[in-house]
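Novice: Fold the following for me, if possible:
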Amino acid sequence: MIDWRDLKSEGYKMNRFLITILSLIISLPCLAAEGFSSLEEQMSGKDYTAAGLNKLTPAELEALNEWIRKRSVATLDAPKPSGAATAVAGGDTRGLKTQTQAADQMERTPIHSRIVGKFTGWDGNTLFKLENGMIWEQDDKDKFYIREVDNPEVTIEPGMFKSWHLTVAGYNSRCRVERIQ
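Specialist: The predicted structure is shown next:
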């Protein structure tokens, strides 16, 4: 026999859950606009302790937060260096998700540039900052290591199903990448 009080209670719990989810979804853009928030702010006390972060010294926790801050997509919006490289990247929308489908079809041409700084390969979670101002993120879990080189030439070519692949000049390996800036 169905007890309507149980069903009413379950419906109440479901409504509370949906309201909570909707409020989180609505508040996400506001939270992203504020910039980086530390692990202590992002995690509940239970999750923070379960991850073992409570065992870190304040200096270790700050170092971890700084490491995350440096690799956060939200912090990649820093001003770009002035000059020709900025002018090229400023109007080049190839690979960006915000691009319209018609523009994407026209702009699926290879990109030739150099990686800024020292390069030793990719490890499944690599960011590629190019001289032309573009920033690409590895979109697969492949690993490839080479001896350290400075500012290697790279080519990013369009693949199937709107994918892009990065290759380093002189090497026969490639990884799937996604443009993030």
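Novice: okay, CA-based contacts and neighbour counts for the rest of this
Specialist: Noted.
Novice: for the record, mean pLDDT for whatever helix or strand E60 lives in?
Specialist: In the assignment (DSSP states H and E), E60 maps to helix 58-71. What helix 58-71 shows for mean pLDDT is 78.
Novice: Give me the domain ranges for the chain.
Specialist: 4-76, 81-179 (automatic domain parsing).
Novice: rank the ones you listed by pLDDT, which is bottom?
Specialist: domain 4-76 (a mean of 67).
Novice: just the helices in this protein please.
Specialist: 4-33, 39-42, 45-50, 58-71, 84-91, 101-106 (DSSP state H).
Novice: Looking at strand pairing, list the partners for the residue lying closest to V168 once chain neighbours are set aside.
Specialist: Distance criterion CA to CA, 6 or more residues apart in numbering; nearest residue to V168, sequence neighbours excluded, is V154 at 4.5 Å. Beta-bridge pairing for V154 (DSSP bridges): S113, V168.
Novice: Next, count neighbours for V154.
Specialist: Using other CA atoms under 10 Å, V154 has 19 other residues around it.
Novice: Name all residues that make contact with it.
Specialist: H112, S113, R114, I115, L166, T167, V168, A169 (CA atoms under 8 Å, 6 or more residues apart in numbering).
Novice: Can you report how many residues neighbour the nearest residue to the fourth one once chain neighbours are set aside?
Specialist: What sits nearest to I115 in space, not counting adjacent residues and going by CA to CA, 6+ apart, is L130, at 4.5 Å. Burial of L130 is recorded as 21 neighbouring residues (other CA under 10 Å).
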